[in-house]
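Asker: coordinates only, sequence not included:
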C-alpha cells in the first residue's frame with residue numbers, strides 16, 4: 001500500500017461512517033468505504049472506465065491509518081474477457097468509481113452492481129476528490145444513493 005497524499009493529509013482526514021449515533025457517524029471496526037479512481041499515473045483521474053489501465057483505490061476507515069490506499073492493475077485481463085465485466089468484478093466492493101468517461105450500458109451495469117459511477121474532467125487530482133468525499137462524509141447531508149450504500153437513512 002502506498003499514498004500520494006502527504007502523511008499529514010492522510011492523518012488529518014477524519015475516517016467515517018458505520019451508522020448514525022445521534023449526530024455522529026461511525027464505522028464498524030475494520031469496515032470502511034472503498035472509492036476507486038480510473039488513473040494511468042496514480043495521481044490524476046485520467047481514464048475512461050472501460051479502458052483504464054489501473055484503478056487507485058482508497059478506503060476510508062476508522063483504523064489508525066485513516067485512509068488506506070492501494071492500486072489495482074487491469075493489465076492481467078484476458079483479451080477475450082468483457083472489459084466492463086472484469087472491471088466491475090475487480091471493483092465489486094467499491095461504493096464509488098471516478099472516471100473521465102463511461103458508456104451508458106457500462107454505467108448501468110455498475111449501478112446494478114451497487115457501484116456509483118462519477119464522471120469528472122480529465123486531469124482532476126485524486127487528492128482533490130478525496131478531500132471532497134471526506135467533507136461530504138463528515139456532513140449530515142449525504143445523497144440518498146450514498147445513504148443506501150452505507151446501509152442507513154438520515155433524518
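Answerer: Nice, I can see it. Treat the numbers as computed from the prediction; the structure is a model and nothing was measured.
Asker: buried set for stretch 93-107?
Answerer: By neighbour count, and taking 16 or more other C-beta atoms under 10 Å as the criterion, the buried residues in stretch 93-107 are 94-102, 106-107. Backbone N, C-alpha and C define where each C-beta goes, glycine included.
Asker: Among those, give me the pair with the biggest separation.
Answerer: Greatest spatial distance among these (C-beta to C-beta): 95 and 101, at 20.0 Å.
Asker: between the buried residues of stretch 93-107, which is closest to residue 46?
Answerer: Closest approach to residue 46 among the buried residues of stretch 93-107 (C-beta to C-beta): residue 100, at 6.3 Å.
Asker: how close does the closest one sit to residue 133?
Answerer: Counting by C-beta to C-beta, to the nearest Å, the gap between residue 100 and residue 133 amounts to 17 Å.
Asker: the helices in this structure, which residues?
Answerer: Here the chain has its helices, by DSSP state H, at 7-12, 83-90, 104-112, 126-138, 144-149.
Asker: Does the longest one pack against any helices or strands, and if so which?
Answerer: Helices and strands in packing contact with helix 126-138 are listed as strand 32-38, strand 44-45, strand 54-61, strand 94-99; criterion 3 or more C-beta pairs under 8 Å, 6 or more residues apart in numbering; DSSP states H and E.
Asker: JSON lines for the helices of the chain, including mean pLDDT and distance to residue 60?
Answerer: Formatted as JSON lines, the entries for these read as follows, by pLDDT from 0 to 100; distance: least, C-beta to C-beta, whole Å:
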{"stretch": "helix 7-12", "mean pLDDT": "38", "distance to residue 60": "11"}
{"stretch": "helix 83-90", "mean pLDDT": "87", "distance to residue 60": "19"}
{"stretch": "helix 104-112", "mean pLDDT": "95", "distance to residue 60": "19"}
{"stretch": "helix 126-138", "mean pLDDT": "87", "distance to residue 60": "7"}
{"stretch": "helix 144-149", "mean pLDDT": "78", "distance to residue 60": "12"}
